[in-house]
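[1] return atomic coordinates for the entry below.
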Amino acid sequence: MLDKRSVILVKDESTYNTDSTPVAGTDALLIEDAKWAFEGVKMYQQKPVRPSLALLKPLYAGALIKLDGKVELKGASAAGTVPECGKIFRAAGFSETVVAVTSVTYKPVSDPSLHKSSTVYFYDDGLLLKMTGCRAKISFQFNVAAAPMAQVEFTGHFVSVTDVTLPAPTYASQLPVPLINVPFTIGSFAAVISKLDFDMGNELVMPTSIAATDGYGTVDIVGRHLTGSFDPLRVSIATKDFIGQWRAGTSLALDTGVIGSVAGNRLEVTMPVVTYTNVGRANRSQFGTFDMKFHAAESAGDDEVSIVFT
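    Sure, this is the predicted structure:
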């Protein structure tokens, strides 16, 4: 079996932990560096008093399964069309607002009843691993001259593994937009950066359940804490007082500006209330930079970040 020969399908579930039966023609998702591993493995160890000092063999007593990898953030064929990557946002606790012929917007949502779950099929060159009831952690990397990326980590219930042949997947035809000519601003200041990283800080809990076949109930998102960093070139205090704004707890709006120029495949990230949490010294190609750490807060509720495809 070849490690590179894999197909991953992801589809929303109508009912939590019920296989939504994703198909290769409509539910394929391009993922880089994909890997799976069992999570929360429970092995019952017998420890009876015996003549031997050796332990008896452990017994399998349940586990979840995790899949993680990187997904390109690219749009769709037309504005107002849900992009292929939309399924990872929904599994990570984002709402999805579609305005026909105009935009698709993703924002975090706190109401647990609005958190989608996913069924994931991982075709691993001869093996098919099925996962249901998956919810996700997610973080983002925006690096110069590279496509915007999301690091996603699904956690769900293991259903089965079987021998199958690889299906023929259909992927979105849009190409990603490398990060150049991006008018990034922080507090309306056009900082010169080479990277922006942020993590939604989703807190996933997996309560145990004696009634469940794997010993776990629902996988739930119960909290989030959006943090991030960027690396502006150092400038004079008169030009931009990064350290002073950190110490004063100044609230600033962050905006990547529009990434891309083709309708349907344009992306913009905004955060209305960013506060610096630390400042450090760094460099880029022998030029001095600041290592700016930040926290993003709400402005009007569930809006600490907005990710919009237009």
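[2] just the helices from the stretch 201-310 of the chain, written as ranges.
    Per DSSP state H, counting those that start in this stretch, the stretch 201-310 of the chain carries helices over the ranges 242-248.
[3] and the pLDDT for the nearest residue to Pro272 once chain neighbours are set aside?
    Spatial nearest neighbour of Pro272, chain neighbours left out: Ser299 (3.9 Å); criterion: Cβ to Cβ, 6 or more residues apart in numbering. Bear in mind the C-beta positions are built from the backbone N, C-alpha and C, glycine included. Looking at Ser299, its pLDDT stands at 97.
[4] report how many residues lie close to Ser299.
    13 (other Cβ atoms under 10 Å).
[5] now do Ala91
    Other residues near Ala91 come to 26 when the count uses other Cβ under 10 Å.
[6] again with Val49
    A total of 4 residues lie near Val49 under the criterion other Cβ under 10 Å.
[7] tell me which residues in stretch 106-118 are buried?
    Neighbour-count burial for stretch 106-118 flags Tyr106, Lys107, Pro108, Val109, His115, Lys116, Ser117, Ser118 (criterion: 16 or more other Cβ atoms under 10 Å).
[8] what's the answer for stretch 267-275, then?
    Leu267, Glu268, Val269, Thr270, Met271, Pro272, Val273, Val274.
[9] specify the beta-bridge partners of the fifth one.
    Read that as Met271. Leu254 (DSSP bridges).
[10] looking at it, it is touching Val305, isn't it?
    Yes - taking contacts as Cβ atoms under 8 Å, Met271 lies within contact range of Val305: 5.1 Å.
[11] what residues are shared contacts of these two?
    Residues touching both Met271 and Val305 (Cβ atoms under 8 Å, 6 or more residues apart in numbering) are Leu226, Ala296.
[12] and the residue most central in space within the chain, what's its pLDDT?
    Central residue of the chain (Cα atoms, centre = their mean): Ile138, 2.3 Å from the mean position. Per-residue confidence (pLDDT) for Ile138: 98.
[13] and it, bridged to which residues?
    Val152.
[14] can you check Leu128 too?
    Listed by DSSP bridges, the beta-bridge partners for Leu128 are Tyr123, Thr162.
[15] check contacts around it.
    Neighbouring residues of Leu128 by Cβ under 8 Å, 6+ apart: Tyr121, Phe122, Ser160, Val161, Thr162, Asp163, Val164.
[16] so the fifth one makes contact with Tyr123?
    Which is Thr162. No - between Thr162 and Tyr123 there is no contact, the gap being 10.3 Å when judged by Cβ under 8 Å.
[17] looking at those two, which is more packed in?
    A direct count of neighbours by other Cβ under 10 Å for Thr162 and Tyr123 places Tyr123 higher, at 20 against 10.
[18] tell me where the stretch 101-250 of the chain is predicted with low confidence.
    Applying pLDDT under 70 to the stretch 101-250 of the chain picks out no residues at all.
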